[in-house]
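Student: how would this look folded up:
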Amino acid sequence: MEILGIRRSLDITGALSRHRIPEKGIYKCRVLYREKIEGIEILPYTRRNVQSICLMEADRIDYSHKYEDKSAFESLFAKKGTCDDILIAINGYLTDTSFSNIALYDGVRWVTPTTFLLRGTKREKLICEGIIHEVVIRVEYLPRYEKVSLINTMLELGETVIPVEKIMRQ
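Tutor: Just a heads-up that it's a prediction; the model follows:
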């Protein structure tokens, strides 16, 4: 809404009431909007099996809002080789993967980069609860950590974990 300069809220609850939401299974809801709601998709959610990630520099990527255009991610994803996903760094600072924020474990506590592409709701919740802590994480700091956890609305901290040694360089 902020990006479009819209001052009034959209009636997502009313729009959702016109859709059948399955009672079983895990689903994600995608709302497409501009000045008004243009479409709602309710799709089965499939967890990605991520066991390795490729670290990539992408200094000009902007994903401060959930844009429909994912071409910047698709371009990077095409270069990931045999890795399951990508970990994006901007100007030498770690940010996010193609679909999640990250938290890193140093053997004592979980931390998350102060730099991110999208201020994720799960990330914010974990910070507010004191479960993860924001710190500056440069690419060269990666060896200080044991593992990386992918986090988003559908992924809990510790659910999808990649050992740091499984992070490949482009």
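
Student: roughly how far apart are the residue nearest the centre of the chain and Thr160?
Tutor: Geometric centre of the chain, nearest residue: Ser100, 1.9 Å, by C-alpha atoms, centre = their mean. The gap separating Ser100 from Thr160 is 8 Å, by C-beta to C-beta, to the nearest Å. (Each C-beta comes from the backbone N, C-alpha and C, glycine too.)

Student: repeat for Arg20
Tutor: In terms of C-beta to C-beta, Arg20 sits 30 Å off from Thr160.

Student: again, but for Asn101
Tutor: With C-beta to C-beta as the criterion, Asn101 and Thr160 are 12 Å apart.

Student: In terms of packing, which of these two has more residues around it?
Tutor: Asn101 (25 against 21; other C-beta atoms under 10 Å).

Student: The more buried one: what's it in contact with?
Tutor: Going by C-beta atoms under 8 Å, 6 or more residues apart in numbering, Asn101 touches 112, 116, 118, 120, 122-123, 150-152.

Student: Let me see the contact set for Gly92.
Tutor: 57, 138-140.

Student: pretty sure Thr115 is touching Ile90, no?
Tutor: Yes. Here Thr115 reaches Ile90: they are 6.4 Å apart, a contact under C-beta atoms under 8 Å.

Student: Could you export the contacts of Gly92 as a markdown table, including distance to Arg48 and neighbour count?
Tutor: Listed next are the contacts of Gly92 as a markdown table, based on distance: C-beta to C-beta, whole Å; neighbours: other C-beta atoms under 10 Å:
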| residue | distance to Arg48 | neighbour count |
| --- | --- | --- |
| Glu57 | 22 | 15 |
| Arg138 | 26 | 13 |
| Val139 | 23 | 15 |
| Glu140 | 27 | 8 |
